[in-house]
Structure formats: C-alpha cells, structure tokens
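**Q** okay, here's the prediction I keep looking at, along with the sequence it came from:
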Amino acid sequence: MEGLLVLLLFTLLLFAVIGIRVVLDRVDRGRIRAYVADRGGRAEEIRWDPFGYGWFGDQNRIYRVTYVNRKGNRHVATCKTSVLAGVYWAEDAKVSGDSPPAAPRDTAQDFDEEICRLKEENAQLQDEVGRLRRQMRGPQ
C-alpha cells in the first residue's frame, strides 16, 4: 500500500512538471511571436532548443526562431526568454533576402546635426540637475 502511494505521488508530480513545461512553452511562443510582430516581422518557426547557444548555466528557456523582418529578410536566431526576463536574442543571422542599399548620407552634415542635438540635450540636462539641486536644498 505504501509503495502504491509513492508511485501515485511520483506520477502526479511527473504530470505536473510536464504540464507546467507545456504551459510555459505556449506562453514563450506567444511572447516571441508578439515580440517579432511588434517590430514589423513575422515568426515562421519556433523550436525549443534546450542546448542552444548560451545554454550552460542559464535559467532562461532557449528557442531557435526563424522569422522574416519588416524588410522581408529571413533570419534564423537563438532566442532566450522567461517570464521575468522577457525576450532577447543571443544570436541572429540573416539567411536570405536583400535589403535595399542604404541611401548615401552626408556624414559631415549628420555629424553637425548630432552635435547640435547633443548640445541641446546637455543644456536641458544641466537645467534639470540645477533644478533638482535647488529642490533638494529646500526653502532657505
């Protein structure tokens, strides 16, 4: 009788572990599909890859994902995900498709525009730091 109880508990535990893994797999796949779709792409295939790139010592679940990005290029990537960590890519390679060549840019003009933008942002940040310092000192 005691042996039967141990076997029953072991069986229930095994089914619980498998059930949790199936639920997590579905949630992960949905999270990955949504992540790719939010960036204008389409996930074509998502496979669980327990020994994928970066698996050793990692608590995240690893998937091999084939997707098409918003430019129409097909990629094969290693994706890591978990409930708390979200989705991030450990490895990504374009396997087909040609993106149109980037338009030539006037790098000198881009550089000057970026310097102006950064100077404005720096001035705003300095104003904010001054305001926060005055606020911390309080009324005098």
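**A** It's in. Residues are numbered from 1 along each chain as shown.

**Q** the longest strand seen in the chain packs against which elements?
**A** Counting residues, the longest strand found in the chain (DSSP state E) is strand 86-96. Applying 3 or more C-beta pairs under 8 Å, 6 or more residues apart in numbering; DSSP states H and E, one finds that strand 86-96 contacts helix 2-38, strand 74-82. For every residue, glycine as well, the C-beta is placed using N, CA and C.

**Q** quick one: mean pLDDT over the last one.
**A** Per-residue pLDDT values over strand 74-82 give a mean of 88.

**Q** what pairs with it, parallel or antiparallel?
**A** Paired neighbours of strand 74-82 in the sheet (DSSP bridges): strand 61-68 (antiparallel), strand 86-96 (antiparallel).

**Q** and of those strands, who's closest to residue 17?
**A** In terms of C-beta to C-beta, the element of these nearest to residue 17 is strand 61-68, at 14.2 Å.
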